[in-house]
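Novice: coordinates for the following, if possible.
(chains A and B)
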Amino acid sequence: MQHEVILLIIPAAAAFLVPLFSFRSVTAARTIVLAGFTAAFIYGIALFPKIMDSSMSIVIAGLPSPLGISLFLSPLSLGMVLVVFAAAVLTAMFSLSGPRDEKPKIYVLYSLFVFGAAGIILTTDLFNVFVFLEILGVSAYALVGSGGPASDAASPQRSSGALRYLILGQTLSLLMLVGIGLVYSASGFLSIPVLASFPALKQNFALLSGVLILLPVLMEAKMFPFNVWAGRAYRDSSPLFGASLSAVGAGAAAVLLMRILLIMTGAGSAFGAAARTLRVTVLLLASLSVLTGELAAFRERNIKKLLAYSSIGQMGIAVVGIALGSRAAVAGMLFFLLAHSAAKVLMFFVSSRLIGTGGSEQWRDMKGMGRYLPLSAVLFSIAALSLMGLPLFAGFWGKLAIIRASIETGGLAYFAASAILLGTVIEGIYFFRIGHSLFEEPSAETKRIMEERGAAAAALSFWKRLPPLPYLIPVFFLAAVILILGIYPAMIEGWLEAAGREFSDPAAEYIEQILTGRVLP
Amino acid sequence: MESTAFIISGLAIVFVGIFGLLTRRNLIRVLLSLNILSTGVNLFLVALGYAENAKAPIITETVRAGSEMFTDPLPQALVLTSIVIGLGSTAVGLALTLRHYRRTGSLVIGKEEDTDAA
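Specialist: Down below sits the predicted model:
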């Protein structure tokens, strides 16, 4: 067995260890998840230099692709898995500062959710993609339905968001299964590198199966019109899981979308005949997502739903980058995705604290809280400025690259570019509105809550008055990522360059490495 | 011929499921429609691997590899997986429905749940 497979084993093992060691104590569950993902993250980092030199494919059960299923470790896939694990580590660490009456079982689902996302990124088999998508999906439905901790009056345990998510998600993934069946019946293969190399399907057949396979992927990426679940699902889930949905789920969806839209659509590949139609459709849907997402966020008052709608808009921008497909667009997209994940996770963490302190999810009720919790408010503003794409923040470079790539492409991409620019303006308005309101004169109610809190804290020493360390470490880390990437974007240029190689047209490197070359014994 | 009949009936069941999903509001019926849809998809997948007058793909003392026509075992393996996944997601769906019913006394996701009054 190749030992690299423990990248996937650790999250699964963490999921099954949680119920063994934490019947009663949620702290034990959180610690197990934190330890597991930290170990997986460190292992991935240790592997990273080797993978940057040459990608490798991990053969499972001694049957190499295309007969068996293999996992593919490339700069892109390992890098994205590391992003996913990093989000999981930060979330687990942050959860240690949360209330103690959460159910430990939630962390089983959480580990499985991350496991599903990592699997989607690493696998090279279409049916395996479906299975991992279901693992991710089913655990996400249950997590959304579990809601926040019992004591959290601000988030009652509602099931409607989870039910909508489940019904849409299951329908679309069953349609994907039809598409997978069609592709298999026509080509006899399910392995993505094989499908990327020779079995050219007839145009209409390629279009039908391509659309069917894309459906659940577009849903996970929160693309219009498959995003009706997003607002309610984010509202019903705990802010912690909201952070993961927007970083972990979206990362996996983006990688999968790249595989389908960029690797499986080269000349002569399975969807080659329908490549243009598929890409143009996705480009239009993504541009519409930018507009609808930002408009919905503009008129939303619930902060969790607002962040969900803003995620729809941001994912729209990322998917525009994927649909354009040029090297520059893909590199910009990866940068953008990284910046968005960092900013969104940070915003969910901070708003979790603001909701927990003020007891309300409406951002208008948070008026003036920044005067009492300056650190949280400043961090929220940093994330917001990065999402808007202001220079000196990480979001700027990705957005710039995607807009530039769409203007270079011309034609329909002008529409995408103008949608992104318009979306940015709308985004600017509502984030400035929130940022401003956080520092306004607080309402009497907020004053009362905060002064009671202040009186209780006055008795403590300075160090005790600080927020707990499991809160401070993740938020400072994320803010540092946003600022450092914003000021010195060249830092990850090497990775972007290496990750983009996978999508050089034709996707020769990807195909060759999995099917023939450099498979270690 | 038989294989075409299987494919057509599989797709027919798929459309029955989709019709149910689009027209029913009762959550139990929606979940039932999902199950009908998944049955249709499974039948469709098996039908894709069907070959007339072929044997089940099991090699025994009398049936040798290479000497006989076999049906394609891969779609059948896929369908097994898909059945298990369908079971799991139905269970989650029913659990969520039960909780929704206990909370609201209704089996329909209505407008009242969409307001943000917490």
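Novice: going forward, measure contacts between C-alpha atoms and count neighbours the same way
Specialist: Fine.
Novice: near chain B, which residues of chain A are found?
Specialist: By CA under 8 Å from any CA of the partner chain, the residues of chain A that approach chain B are A:127, A:131, A:134, A:138, A:141-142, A:145, A:153-156, A:158-160, A:162-163, A:166-167, A:170-171, A:174-175, A:177-178, A:181, A:185, A:232, A:302.
Novice: any quick ChimeraX command for the buried ones out of the residues you listed?
Specialist: To isolate the buried ones among the residues of chain A next to chain B in ChimeraX, judged by 16 or more other CA atoms under 10 Å in any protein chain shown, type:
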select /A:127,131,134,138,141,142,145,154,155,156,158,159,160,162,163,166,167,170,171,174,175,177,178,181,185,232,302
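Novice: packing partners of the helix or strand where A:Ala480 lies?
Specialist: Element membership for A:Ala480, per DSSP states H and E: helix A:469-487. Applying 3 or more CA pairs under 8 Å, 6 or more residues apart in numbering or on different chains; DSSP states H and E, one finds that helix A:469-487 contacts helix A:75-95, helix A:327-358, helix A:374-388, helix A:394-409.
Novice: who's in contact with the first one?
Specialist: Under the criterion CA atoms under 8 Å, 6 or more residues apart in numbering or on different chains, residues A:30-31, A:33-34, A:37-38, A:40-41, A:44-45, A:48, A:51-52, A:55, A:114, A:117-118, A:121-122, A:240, A:243-244, A:247-248, A:251-252, A:255, A:338, A:345, A:349, A:470-471, A:474, A:495, A:498-500, A:502 lie in contact with helix A:75-95.
Novice: can you redo the helices and strands packed on helix A:469-487 as TSV with mean pLDDT?
Specialist: Formatted as TSV, the helices and strands packed on helix A:469-487 follow (pLDDT from 0 to 100):
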stretch	mean pLDDT
helix A:75-95	92
helix A:327-358	90
helix A:374-388	90
helix A:394-409	91
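Novice: now those helices in a markdown table, with distance to A:Leu466 and mean neighbour count?
Specialist: Formatted as a markdown table, the helices and strands packed on helix A:469-487 follow (distance: least, CA to CA, whole Å; neighbours: other CA atoms under 10 Å in any protein chain shown):
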| stretch | distance to A:Leu466 | mean neighbour count |
| --- | --- | --- |
| helix A:75-95 | 15 | 24 |
| helix A:327-358 | 13 | 25 |
| helix A:374-388 | 10 | 23 |
| helix A:394-409 | 27 | 23 |
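Novice: okay, those helices in JSON lines with distance to A:Thr424 next?
Specialist: Output for those, formatted as JSON lines (distance: least, CA to CA, whole Å):
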{"stretch": "helix A:75-95", "distance to A:Thr424": "25"}
{"stretch": "helix A:327-358", "distance to A:Thr424": "13"}
{"stretch": "helix A:374-388", "distance to A:Thr424": "6"}
{"stretch": "helix A:394-409", "distance to A:Thr424": "10"}
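Novice: out of the ones you listed, which is closest to B:Glu2?
Specialist: Closest approach to B:Glu2 among those (CA to CA): helix A:75-95, 43.5 Å.
Novice: after that closest one comes which helix or strand?
Specialist: helix A:106-122.
Novice: circling back: out of the contacts of helix A:75-95, which are buried?
Specialist: By 16+ other CA under 10 Å, the contacts of helix A:75-95 give A:30-31, A:33-34, A:37-38, A:40-41, A:44, A:48, A:51-52, A:55, A:114, A:117-118, A:121-122, A:240, A:243-244, A:247-248, A:251-252, A:255, A:338, A:345, A:349, A:470-471, A:474, A:495, A:498-500, A:502 as buried.
Novice: quick one: contacts for A:Leu163?
Specialist: So A:Leu163 contacts A:141, A:145, B:93, B:96-97 (CA under 8 Å, 6+ apart).
Novice: quick one: what helix or strand has it in it?
Specialist: Using DSSP H and E, A:Leu163 falls in helix A:160-187.
Novice: how about A:Phe431?
Specialist: Counting by DSSP H and E, A:Phe431 is part of helix A:413-438.
Novice: tell me what angle that helix forms with helix A:394-409.
Specialist: 160 degrees (axes from the mean of the first three to the mean of the last three CA atoms, to 10 degrees).
Novice: for the chain, give me the ranges with low pLDDT.
Specialist: All of this refers to chain A. Across chain A, residues meeting the criterion (pLDDT under 70) sit at A:1, A:148-157, A:459, A:461-465, A:504-509, A:512, A:516-521.
Novice: please refer instead to chain B.
Specialist: Scanning chain B residue by residue, the ranges that satisfy pLDDT under 70 are B:65-67, B:111-118.
Novice: rewinding a little: just the angle between the helix or strand that the helix holding A:Phe431 is followed by and helix A:327-358, please?
Specialist: Downstream of helix A:413-438, the first helix or strand assigned by DSSP H and E is helix A:444-458. Orientation of helix A:444-458 against helix A:327-358 (the same axes, to 10 degrees) gives an angle of 80 degrees.
Novice: export only the CA atoms of helix A:444-458, formatted as PDB.
Specialist: Output in PDB follows, covering the C-alpha atoms of helix A:444-458 (Å, rounded to 0.1, in the frame of the first residue of the first chain):
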ATOM      1  CA  ALA A 444     -29.900  51.100  24.400                       C
ATOM      2  CA  GLU A 445     -30.300  47.400  24.300                       C
ATOM      3  CA  THR A 446     -26.700  46.800  23.000                       C
ATOM      4  CA  LYS A 447     -25.400  49.200  25.500                       C
ATOM      5  CA  ARG A 448     -27.100  47.300  28.300                       C
ATOM      6  CA  ILE A 449     -25.800  43.900  27.200                       C
ATOM      7  CA  MET A 450     -22.300  45.200  26.600                       C
ATOM      8  CA  GLU A 451     -22.100  47.100  29.900                       C
ATOM      9  CA  GLU A 452     -23.300  44.100  31.900                       C
ATOM     10  CA  ARG A 453     -20.600  42.100  30.100                       C
ATOM     11  CA  GLY A 454     -18.100  44.800  30.900                       C
ATOM     12  CA  ALA A 455     -19.000  44.900  34.500                       C
ATOM     13  CA  ALA A 456     -18.500  41.200  34.800                       C
ATOM     14  CA  ALA A 457     -15.200  41.400  33.000                       C
ATOM     15  CA  ALA A 458     -13.900  44.300  35.100                       C
END
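Novice: just confirm A:Phe48 is within a strand.
Specialist: No - applying DSSP: H, G, I helix; E, B strand; the rest coil, one finds A:Phe48 to be helix, outside a strand.
Novice: what sits against it?
Specialist: A:Phe48 neighbours (CA under 8 Å, 6+ apart): A:75, A:78-79.
Novice: now do the helices in chain B.
Specialist: B:2-23, B:27-48, B:73-104 (DSSP state H).
Novice: just those: most buried one?
Specialist: helix B:27-48 (a mean of 23; mean count of other CA atoms under 10 Å in any protein chain shown).
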